[in-house]
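S.K.: got a predicted model here, sequence first, then my questions.
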Amino acid sequence: MDILILLYNTIIDSIFSITRMALILIPILVTIEIARHYQLIEKVTVKIKGALKILTLPEEAAFPMLAGIFFGIVFGAALIIEYSREGYLNKRDLLLIGIFISICHSVVEDTFVLAVFGANPVILLTTRLILAITITRLAAFLLDRSNLKLS
């Protein structure tokens, strides 16, 4: 009897997990297509071109990075995977984006949550941004200097 309950709970939990993933991924993919159709990606890219240059990343990295920064790792990862499949980003760029987003993700949500507990939002944002830029730039330098071919 316990096995049937376990099996039932596993099936129900799996269905909920798949539904949650679909609720995240489907809007992301639709958003990508809408953004491409209305050339929003190009407009955003122009605005953050300088930041991408500092991080030694191509313009194609703009949209996935912004998604990760403002909406979190899950949204950013979904865009990164999509861009990778379509061949817009090479492995070096994917690694650098991953490093940056792992440090500087969900800045809006995290900042609000931590500010409720008394953290200074300006210090939080500034520290995370400086840390993300510094570590990502260092990783880019080390990758380029080592001539490591990420294939």
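M.R.: Received it, and whenever you're ready, just let me know what you need. Residues are numbered from 1 along each chain as shown.
S.K.: hmm, who's touching the helix or strand of the chain with the lowest mean pLDDT?
M.R.: Across the helices and strands of the chain, mean pLDDT, DSSP states H and E gives its lowest value to helix 40-47, namely a mean of 81. Outside of helix 40-47, the residues within contact range by Cβ atoms under 8 Å, 6 or more residues apart in numbering are 34-35, 52, 59-60, 62-63, 66. Quick note: C-beta positions are derived from backbone N, CA and C, even for glycine.
S.K.: quick check: mean pLDDT of the helix or strand just after that helix?
M.R.: Remark: after helix 40-47, the chain's next helix or strand is helix 49-54, criterion DSSP states H and E. Confidence for helix 49-54, expressed as mean pLDDT, is 91.
S.K.: following helix 49-54, which helix or strand comes up?
M.R.: Using DSSP H and E, the next helix or strand after helix 49-54 towards the C-terminus is helix 62-71.
S.K.: if you count contacts, what does the lengthiest helix in the chain end up packed against?
M.R.: In the chain, assigned by DSSP state H, the helix with the most residues is helix 2-37. Using 3 or more Cβ pairs under 8 Å, 6 or more residues apart in numbering; DSSP states H and E as the contact definition, the elements that helix 2-37 packs against are helix 62-71, helix 73-85.
S.K.: mind checking how far it is from the chain centre?
M.R.: With Cα atoms, centre = their mean, to the nearest Å as the basis, helix 2-37 stands 19 Å off its chain's centre.
S.K.: ok, now stretch 75-89?
M.R.: Taking mean C-alpha positions (Cα atoms, centre = their mean), stretch 75-89 and its chain are 9 Å apart.
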